[in-house]
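> Dropping a prediction and its sequence here:
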Amino acid sequence: MKSGFVAVAGKPNVGKSTLINALMKKKVVIVSDKPQTTRNRVNCILNTENAQIVLVDTPGIHKPLHKFGEYMVKIAVNALKSQDMVLFLVDPIDQVRESDINIAKIIKESNIPTILVINKIDAATPEQVQEAETRIKEAFENAKNLIEIIKISALTGENLEVLMDKIIENLPEGPQYYPEDMATDRPLAFMISELIREKIFHLTSEEIPHSTAVVVEEITDKEDLVYIRAEIYVERKSQKGIIIGQNGRMIKKIGMLARKDIEALLDDKVYLDLYVKVKEKWRKKDSIILNTIGLKDDLE
Ligand SMILES: Nc1nc2c(ncn2[C@@H]2O[C@H](COP(=O)(O)OP(=O)(O)OP(=O)(O)O)[C@@H](O)[C@H]2O)c(=O)[nH]1
């Protein structure tokens with residue numbers, strides 16, 4: 001039996017969540033075209049015949065803009081420490097930039113076995129892929145922990161099997177850390193709040209997505225459905241108006257789309273009750289961050 005914790009690292013929007021969902025063959029982490037969607041660490045558990053791969057989704061590493069940014073950086077750096085392997089993703093369309101080089105430095109120093117993954121080859125030109133490969137090789141010059149460079153498309157699935165084989169080949173011998181039927185290490189309430197948050201990301205713009213937190217307050221199994229009550233926190237009254245929308249249209253849409261995904265997750269009918277609340281500057285208040293979206297574990 002081979003097993004281990006594999007960190008999926010890379011700057012915002014390179015396709016970390018898409019890759020994890022593709023490897024898991026189902027949607028377990030949220031994906032959006034807006035950077036920094038991934039705010040919370042989720043371990044996804046992938047079982048094969050002779051291996052258990054625990055994929056750790058790391059939030060994008062970036063410059064701290066305000067206090068919340070610092071948390072994300074801490075989590076990202078922390079997340080690397082106890083891993084058995086790193087998948088470091090780069091995006092050849094956006095090219096290898098200073099932010100990639102900074103992450104590369106952390107990974108190189110960590111000395112954890114690393115597979116460099118050039119993603120989005122379905123959409124990049126061969127020249128872009130070549131350019132990305134040259135630059136990232138430079139960043140890893142003389143690195144002792146570089147296993148291989150693999151070019152993939154997380155979106156179309158191209159080369160994912162090659163990547164999987166390489167991961168398993170380089171994992172240490174180890175125990176089965178989680179039971180086979182567990183797909184993530186997060187409680188149900190968390191998975192549900194993430195699905196709601198994803199819809200807010202898809203449907204709103206500018207500062208709204210990053211000013212929002214979702215907390216599931218109640219999950220009750222009723223006779224013919226599951227009743228779920230969740231609160232959406234925003235920072236300002238004006239944001240509350242946007243989330244609710246004209247005649248409640250936006251909140252209805254968020255609720256409808258989230259309900260469909262939650263029903264698929266639970267394999268049951270769901271009644272989703274959503275409330276929007278203003279909590280001024282929730283991002284800057286440690287206690288609210290820690291208590292509501294469960295970052296506490298990640299910081300310890
Ligand atoms: N064309 C193409 N697009 C991709 C591929 N992988 C991811 N994307 C797109 O890139 C965008 C970002 O994908 P995510 O998986 O959310 O990226 P992430 O790295 O998890 O982003 P953060 O949460 O910001 O750290 C989405 O619009 C994806 O559909 C790929 O292989 N090809």
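Alright, I've got the coordinates.

> from here on, contacts and neighbour counts on C-alpha atoms
Will do.

> What strand or helix carries the nearest residue to Asp221 once chain neighbours are set aside?
Residue nearest to Asp221 in three dimensions, not counting chain neighbours: Tyr227, with 6.3 Å by Cα to Cα, 6 or more residues apart in numbering. Secondary-structure assignment from DSSP states H and E places Tyr227 in strand 226-234.

> what residues does the stretch 101-250 of the chain put near the ligand?
Proximity of the stretch 101-250 of the chain to the ligand, by Cα under 6 Å from any ligand atom, involves residues Asn119, Lys120, Asp122, Ala123, Ser153, Ala154, Leu155.

> Return a ChimeraX selection command for the buried portion of those residues.
Listed next is the ChimeraX selection for buried residues among those, using 16 or more other Cα atoms under 10 Å:
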select :119,120,153,154,155
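
> Next, format the residues of the stretch 101-250 of the chain next to the ligand as a markdown table and append secondary structure and pLDDT.
Output for those, formatted as a markdown table (DSSP: H, G, I helix; E, B strand; the rest coil; pLDDT from 0 to 100):
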| residue | secondary structure | pLDDT |
| --- | --- | --- |
| Asn119 | coil | 98 |
| Lys120 | coil | 98 |
| Asp122 | coil | 98 |
| Ala123 | coil | 98 |
| Ser153 | coil | 98 |
| Ala154 | coil | 97 |
| Leu155 | coil | 96 |
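
> From what I see, Leu46 and Ala22 are in contact.
No: counting by Cα atoms under 8 Å, Leu46 does not reach Ala22; the two are 11.0 Å apart.

> These two - which one has more neighbours?
Leu46 (21 against 18; other Cα atoms under 10 Å).

> How is the more buried one assigned, secondary-structure-wise?
Leu46 carries the three-state label strand when classified by DSSP: H, G, I helix; E, B strand; the rest coil.

> need the contact list for it.
Leu46 sits next to Leu23, Met24, Gln52, Ile53, Val54, Leu55, Ala183 when contact means Cα atoms under 8 Å, 6 or more residues apart in numbering.

> how about a cut-off of 6 Å?
Gln52, Ile53 (Cα atoms under 6 Å, 6 or more residues apart in numbering).

> Strands of the protein, start to end?
Taking DSSP state E, the strands of the chain run over residues 2-9, 43-47, 51-57, 85-90, 114-118, 146-151, 213-221, 226-234, 270-278.

> just checking, what packs against the longest helix seen in the chain?
In the chain, ranked by residue count with DSSP state H as the criterion, the top helix is helix 249-266. Where contact means 3 or more Cα pairs under 6 Å, 6 or more residues apart in numbering; DSSP states H and E, helix 249-266 is packed against helix 188-203, helix 237-244.

> and those helices, which one is worst for confidence?
Ranked by mean pLDDT, the helices and strands packed on helix 249-266 bottom out at helix 188-203, with a mean of 87.

> Would you mind listing the buried residues in that one?
Buried positions in helix 188-203, judged by neighbour count with 16+ other Cα under 10 Å: Phe190, Met191, Ile192, Ser193, Glu194, Leu195, Ile196, Arg197, Glu198, Lys199, Ile200, Phe201.

> can you list those in TSV and add distance to Asn102?
Shown next, in TSV, are the buried residues of helix 188-203 (distance: Cα to Cα, whole Å):
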residue	distance to Asn102
Phe190	31
Met191	31
Ile192	33
Ser193	31
Glu194	28
Leu195	31
Ile196	32
Arg197	29
Glu198	28
Lys199	31
Ile200	30
Phe201	27
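
> among the helices and strands packed on helix 249-266, which is nearest Asp261?
Asp261 lies closest to helix 188-203 among these, at 7.0 Å (Cα to Cα).

> Tell me the helices and strands packed up against the closest one.
Secondary elements touching helix 188-203 (3+ Cα pairs under 6 Å, 6+ apart): strand 213-221, helix 249-266.

> As CSV, the ones you listed with distance to Ala9 would be great.
As requested, those are arranged in CSV below (distance: least, Cα to Cα, whole Å):
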stretch, distance to Ala9
strand 213-221, 23
helix 249-266, 26
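
> Of all those, which one is nearest Pro113?
helix 249-266 (33.7 Å).

> what pLDDT, on average, does that closest one get?
Helix 249-266 carries an average pLDDT of 92.

> how far out from the middle of the chain is that helix?
Helix 249-266 has its C-alpha centroid displaced from the chain centroid by 20 Å (Cα atoms, centre = their mean, to the nearest Å).
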